[in-house]
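Student: Sharing a sequence plus its predicted fold:
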Amino acid sequence: DTVVLAGSEDDYILMSKDSTSDIHKTINMTLDQGSLGSGSVLVVQKSSNPSGFIYIQSEVIRFADDITWLEFNENTGLITGGIITSSFANSSIKPYSKIVGANDRINFGVIGCKGMGWSDMRSILSHDGTDCIAICDVDDRVLEQRSNDVKKLTGKKPKVYKDYRKLLENKDVDAVVIGTPDHWHCLMLVHALEAGKHIYCEKPISNSVKESMIMLDKAKEHSKYLIQVGQWQRSSPHYRDALDYLWSGKLGQIRMVRVWAYQGWYGMLDPLPDSPVPKGVDYKSWLGPAPSRPFNTNRFHFNFRWYWDYAGGLMTDWGVHEIDIALFGMKVREPLSVVASGGRFGYPDQDTETPDTLQTLFQYENWTMLWENAVGIDSGNYGQDEGIAFIGNDGTLVIDRGGWQVRPELDYQNNLPRHKKPKKIQPIAYTKARGSGLGYHTKNFIDAIRNNTPESLNCGIDSGSIALSLIHISEPTRLLSIGYGGF
């Protein structure tokens, strides 16, 4: 049974009347989400596998009028005549959703497995009922290393790919980890959804607001597949404990929130000349949607985050974690205004583009949030190199990855000398974190897949987009602050 619906300005045209109740449920869910608009088609298909399991496949295909503003670099090879041409929508391989039971093993593939992609995969493998059966990277040396690492953990080597699209064609893969540089996240997430995979996407989810919008729209179209964003502080118990204290109201009115990352060892690179592409590296695929340029070691692997083509510096690297907790704690999204000031003050001769010094001020209704970052300096606020401080009339809650504390204000409504003035609230000594935040986060993702409960995700795609969008809307002022004229 197949049903096709075409979207028009005012209604939906039923192009095939053969349907079942299950198909009707899928159609109604899509229509309720508002995913089917003008210039789009919904295809819903019911089929079964040899074991007798029934699958309901659905996909919204949009035409050029909705997406011509999207401009990926020609390196992707995915723009033809103004229309995105999906390698999956046009292939003989049709996406389908596997039913993952409570006792089934979940097979993972990881795309981009040198840094955080591997950290995420290793954390996932620490949980029962998981396996890594496929890995993908553009660097042969990384593939060899991680293939051996997987064998040590699971007893067998995974399938190895250099083209992530080939990995996504593997029907045995239930879920993927996207651990590539930021500029690749959007396209890979879109393709993974089209291929019928659950996704753990490293933060930040994208390299622009526009990309975030594309990802959110595609996630709504393919809502049966779960997406967890790697902002793992959301799952760490001590952050939850601290936020519960914040929400108790004991701090009084919150007037300021300070968020910061002072990283003494980050982002310092002596200039290097361009050089030949290392043997075994598919550099064109590494660039992907980024502008074409000669290979330079400084821009490769970990240090990509200091160049605008691929990332946004310390603010998108650390800031997305910290600002996420600040916004989550204050239960807000967009600010009234934003202004940024900073530049490459500490290391102006280093081969980096993003600011080594930055302050960004966000104005809300009755309070402000200040982001600060500094490269080459460890001495941050309250003696902590990273953290969030909720500053209230009666006290301040300070939290970082190591723990949290409450610092009370003194009550000045009396004539007592300062050293005898009572505290407005009771202090709470620094309470250390417990367990692995990343471990809790990956476990949350696995449990949500098994139970088919997207609402239980601690940082789904919508939550993961909030802080990043806020950071990206501050980008014009950040670029102006360092004298960048390229927009």
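Tutor: Perfect, thanks for sending it.

Student: what sits up against stretch 136-152?
Tutor: 109-114, 118, 121-122, 132, 135, 156-158, 160-164, 166-167, 278-283, 285-286, 301 (Cβ atoms under 8 Å, 6 or more residues apart in numbering). Using the backbone N, CA and C atoms, a C-beta is placed for each residue, glycine as well.

Student: Check stretch 385-393 too.
Tutor: 246, 251-264, 318, 322, 325-326, 329-330, 378-382, 396-401, 409, 424.

Student: any idea how far that stretch is from the chain center?
Tutor: On the basis of Cα atoms, centre = their mean, to the nearest Å, stretch 385-393 is displaced by 23 Å from the centre of the chain it belongs to.

Student: Just the buried positions in that stretch, please.
Tutor: 385-392 (16 or more other Cβ atoms under 10 Å).

Student: Just give me the neighbour total for the nearest residue to Asn303 once chain neighbours are set aside.
Tutor: Distance criterion Cβ to Cβ, 6 or more residues apart in numbering; nearest residue to Asn303, sequence neighbours excluded, is Leu269 at 6.1 Å. Per other Cβ atoms under 10 Å, the neighbour tally for Leu269 reads 16.

Student: cool, Ile461 as well?
Tutor: Neighbour number of Ile461 under other Cβ under 10 Å is 24.

Student: If I look at it, what pLDDT would I see?
Tutor: For Ile461, the pLDDT comes out at 96.

Student: just checking, it touches Tyr225?
Tutor: No. Using Cβ atoms under 8 Å, Ile461 makes no contact with Tyr225, being 10.2 Å away.

Student: residues contacting the residue nearest to Asn303?
Tutor: Leu269 touches 298, 303, 306, 350-352, counting by Cβ under 8 Å, 6+ apart.

Student: at 6 Å instead, please
Tutor: By Cβ atoms under 6 Å, 6 or more residues apart in numbering, the contact list for Leu269 reads 298, 350-352.

Student: on that earlier part again, and the buried residues of stretch 385-393, which is closest to Leu457?
Tutor: Ile388 (21.6 Å; Cβ to Cβ).

Student: Can you give the strand pairings for the helix or strand harbouring that closest one, parallel or anti for each?
Tutor: Assessed by DSSP states H and E, Ile388 sits inside strand 386-392. Here strand 386-392 is paired, per DSSP bridges, with strand 254-263 (antiparallel), strand 395-400 (antiparallel).

Student: and the helix or strand just after the last one, which strands flank it?
Tutor: As assigned by DSSP H and E, the chain's next helix or strand after strand 395-400 is strand 403-408. The pairing partners recorded for strand 403-408 under DSSP bridges are strand 395-400 (antiparallel), strand 428-432 (antiparallel).

Student: Tabulate the CA atom coordinates of strand 403-408 in CSV.
Tutor: Below are the C-alpha coordinates for strand 403-408, written out as CSV (Å, rounded to 0.1, in the frame of the first residue of the first chain):
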residue,chain,number,x,y,z
GLY,A,403,30.9,20.8,40.8
TRP,A,404,28.7,23.6,42.2
GLN,A,405,28.5,26.0,45.1
VAL,A,406,26.3,28.8,46.5
ARG,A,407,27.8,32.0,47.7
PRO,A,408,25.4,34.0,49.9
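
Student: May I see the buried residues of that strand?
Tutor: 403-408.

Student: Ok, stretch 145-155 next?
Tutor: So for stretch 145-155, counting by 16+ other Cβ under 10 Å, buried means 146-147, 149-150.

Student: Mind picking the two most distant members of those?
Tutor: Farthest pair in the buried residues of stretch 145-155, by Cβ to Cβ: Ser147 and Asp149, 7.2 Å.

Student: burial count for Gln413?
Tutor: So Gln413, with other Cβ under 10 Å, has 9 neighbours.

Student: Just the pLDDT at it, thanks.
Tutor: pLDDT at Gln413 comes out at 88.

Student: In three-state terms, label it for me.
Tutor: coil (DSSP: H, G, I helix; E, B strand; the rest coil).

Student: Please name the residues that touch it.
Tutor: Gln413 touches nothing, counting by Cβ under 6 Å, 6+ apart.

Student: Now Ile425: which helix or strand?
Tutor: Remark: Ile425 resides in no helix or strand, with elements defined by DSSP H and E.

Student: who are the neighbours in contact with it?
Tutor: Residues in contact with Ile425 (Cβ under 6 Å, 6+ apart) are 250, 394-395, 408.

Student: Most neighbours among the residues you listed, please name it.
Tutor: In terms of neighbours by other Cβ under 10 Å, the contacts of Ile425 top out with Gly395 at 21 neighbours.

Student: Could you measure from that residue over to Ser235?
Tutor: As judged by Cβ to Cβ, to the nearest Å, Gly395 and Ser235 stand 26 Å apart.

Student: swap in Lys162?
Tutor: 32 Å.

Student: ok, those two, which is more surrounded?
Tutor: Each of Lys162 and Ser235 has its neighbours counted (other Cβ under 10 Å); Ser235 has more, 23 against 16.

Student: Now do the helices in the stretch 251-400 of the chain.
Tutor: 283-287, 314-317, 319-330 (DSSP state H, counting those that start in this stretch).

Student: quick one: average pLDDT of the first one?
Tutor: This predicted structure assigns helix 283-287 an average pLDDT of 97.

Student: So what does the spatially most distant residue from the centre of the chain look like in phi/psi?
Tutor: Residue distances from the centre of the chain (Cα atoms, centre = their mean) peak at Asn415, which lies 52.3 Å from the mean C-alpha position. For Asn415, the backbone dihedrals (degrees, to the nearest 10) come out as phi -100, psi 10.

Student: Return the residues in contact with the nearest residue to Arg305 once chain neighbours are set aside.
Tutor: The shortest distance from Arg305 to any non-neighbouring residue, by Cβ to Cβ, 6+ apart, is to Ala311 (4.1 Å). For Ala311, the contacting residues are 182, 304-305, by Cβ under 6 Å, 6+ apart.

Student: can you tell me how far Ala311 sits from Glu353?
Tutor: 10 Å.

Student: Repeat that for Phe445.
Tutor: According to Cβ to Cβ, Phe445 stands 33 Å off from Glu353.

Student: again with Lys166
Tutor: Taken as Cβ to Cβ, the span from Lys166 to Glu353 is 33 Å.
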